[in-house]
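K.L.:
structure, please.
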Amino acid sequence: MSRDPLSDEQIQTALADLSGWAYKNDTLAKTFTFDNFRAALAFIVRLGFEAEERDHHPNLTNVYNRVEIALTTHDADNRVTQKDVDLATAIERLS
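P.N.:
The predicted structure is shown next:
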């Protein structure tokens, strides 16, 4: 089930296909850097549409051209699940 937390081994296996993503503080995390604020904001908007379609919303911060994303599943006691891996994979296609 997508709400079941993944094991450390499952997370490490998933990270092999997610370039630049890391497992830290019980989240899947990555920082994206863009040419400018406008490009970063456009990425956030695209990400927002993708997240809303999946009803799975990331924690994110934006400072100028940098967007930091942390994924965790709230319904799984804020642990990483397959939903997070799937959203990270989709985010990669957006960047």
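
K.L.:
could you list every helix and strand in contact with the longest helix along the chain?
P.N.:
Assignment by DSSP state H gives helix 37-54 as the longest helix of the chain. Contact here means 3 or more CB pairs under 8 Å, 6 or more residues apart in numbering; DSSP states H and E; on that basis helix 37-54 packs against strand 59-63, strand 66-71, helix 82-94. (Each C-beta comes from the backbone N, C-alpha and C, glycine too.)

K.L.:
tell me how far the shortest one lies from the chain's centre.
P.N.:
Between the centre of strand 59-63 and the centre of its host chain there is 11 Å, according to CA atoms, centre = their mean, to the nearest Å.

K.L.:
could you check the angle strand 66-71 makes with that strand?
P.N.:
Strand 59-63 and strand 66-71 are oriented at 170 degrees to each other (axes from the mean of the first three to the mean of the last three CA atoms, to 10 degrees).

K.L.:
and the last one, by the same measure?
P.N.:
Relative orientation of helix 82-94 versus strand 66-71 (the same axes, to 10 degrees): 150 degrees.

K.L.:
now the residue nearest to Ala40 when sequence neighbours are not counted: how far from Ala76?
P.N.:
Nearest residue to Ala40 in three dimensions, chain neighbours excluded: Phe34, at 4.4 Å (CB to CB, 6 or more residues apart in numbering). The gap separating Phe34 from Ala76 is 31 Å, by CB to CB, to the nearest Å.

K.L.:
alright, I will stop here.
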